[in-house]
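Participant: Model the following, please.
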Amino acid sequence: MIPALLDLVFPPACAACGAGLAASAGEPWCPDCGGAVDPPDPCCARCGLPGPEGPCQACLADPPALDGLRAAAAFGGPLADAVHAFKYRDRPALARPLGRWLAARVAPPPGALLVAVPLARGRRVARGYDQAALLAGWVGRATGLPVLRGALRRVRETPPQVGRSRAERAANVAGAFAAGAGVRGREIALVDDVVTTGATAEACARALKAAGAARVTLLALGRAG
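Facilitator: Take a look at the predicted model:
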């Protein structure tokens, strides 16, 4: 009943440009915007570094904690417009179409527990919601997989990653997360909006593996270049 009620309150519209969509539309985009959403650039399937699909030589030489990285599209164009509206223009309702689209484009591993990459407390308070947690909720509704809330938490605040180099991003989030015992022995599907260097996902995966998680895969709406 929840999706039907939401359709009444929030008639389906393109997540990028706002054009009206048919109630039966299976994607969150109008035809023009949907045609401009590009597949992600080739990258290592494990760490997300640009290049041939992996595992890359770096992952073979020094395997990361993250076991896989899957993005629904390249970050740019209509997807970037939708994500910016979702995160910065007070549009939490976009979690529903974007989360369902993510679940359809990038299937989580079978039997996985969904865990959102936690937002820093200061940004969550300022924004009024955690966009990754909302996405994870709708991915769970679309797939029937359970969302393990509170399984991953930030143990220290970190400045935004935007504008930082790869090395600076890794240092910024190193040791910033901790996980609970509920992940022990389980397959975890991390959910986030955008992945750039993968530093945040790697820090989360390290925390989850330290708590006993068997495997950790990241699911993201977009993959930045």
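
Participant: Let's verify the residue nearest the centre of the chain: helix, strand, or coil?
Facilitator: Nearest residue to the geometric centre of the chain (CA atoms, centre = their mean): Asp192, 1.9 Å. When classified by DSSP: H, G, I helix; E, B strand; the rest coil, Asp192 comes out as strand.

Participant: for it, what are its contacts?
Facilitator: 116-117, 132, 135, 200-201, 218-221 (CB atoms under 8 Å, 6 or more residues apart in numbering). Where you see a C-beta, it was placed from the backbone N, CA and C, and this is true even at glycine.

Participant: lowest confidence element among the helices and strands of the chain?
Facilitator: helix 2-9 (a mean of 55; mean pLDDT, DSSP states H and E).

Participant: Helix or strand next in line after that helix, which one?
Facilitator: helix 31-35 (DSSP states H and E).

Participant: Only alpha carbons, please: show that next one as CSV.
Facilitator: Extracted in CSV, the C-alpha atoms of helix 31-35 (Å, rounded to 0.1, in the frame of the first residue of the first chain):
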residue,chain,number,x,y,z
PRO,A,31,12.7,9.4,-22.2
ASP,A,32,15.1,12.4,-22.8
CYS,A,33,16.8,12.1,-19.4
GLY,A,34,16.9,8.3,-19.4
GLY,A,35,18.7,8.4,-22.8
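
Participant: I figured Arg70 was touching Leu221, is that so?
Facilitator: No - contact criterion CB atoms under 8 Å: Arg70 and Leu221 do not qualify, at 10.7 Å.

Participant: Compare those two (neighbour count), which wins?
Facilitator: Leu221 (27 against 20; other CB atoms under 10 Å).

Participant: Is it correct that the more buried one falls within a strand?
Facilitator: Yes - assessed with three-state DSSP, Leu221 lies in a strand.

Participant: So that it lines up with my notes, have the first residue be 245 from now on.
Facilitator: Happy to do that; since the first residue is 245 now, the last one works out to Leu465.

Participant: my guess is it contacts Ala318, does it?
Facilitator: No - with contact defined as CB under 8 Å, Leu465 does not reach Ala318; the gap is 10.5 Å.

Participant: which phi and psi does Ala458 have?
Facilitator: phi -80, psi -40 (degrees, to the nearest 10).

Participant: my guess is it contacts Arg430, does it?
Facilitator: Yes - contact criterion CB under 8 Å: Ala458 and Arg430 qualify, at 6.1 Å.

Participant: Look at the two and report which has more neighbours.
Facilitator: Taking other CB under 10 Å, Ala458 and Arg430 do not tie; Arg430 has more neighbours (21 against 13).

Participant: Over to the more buried one: give its phi and psi.
Facilitator: According to degrees, to the nearest 10, Arg430 has phi -110, psi 160.

Participant: Could I get the pLDDT score of it?
Facilitator: Arg430 carries a pLDDT value of 96.

Participant: who's the residue lying closest to it once chain neighbours are set aside bridged to?
Facilitator: Leaving aside its sequence neighbours, Arg430 sits nearest to Leu357 (CB to CB, 6 or more residues apart in numbering; 5.2 Å). Assessed by DSSP bridges, Leu357 has beta-bridge partners Ile432.

Participant: Give me the neighbour count for Leu357.
Facilitator: Around Leu357 there are 21 residues (other CB under 10 Å).

Participant: Could you do the one 10 residues further on as well?
Facilitator: Residues contacting Arg367 under the criterion other CB under 10 Å number 14.
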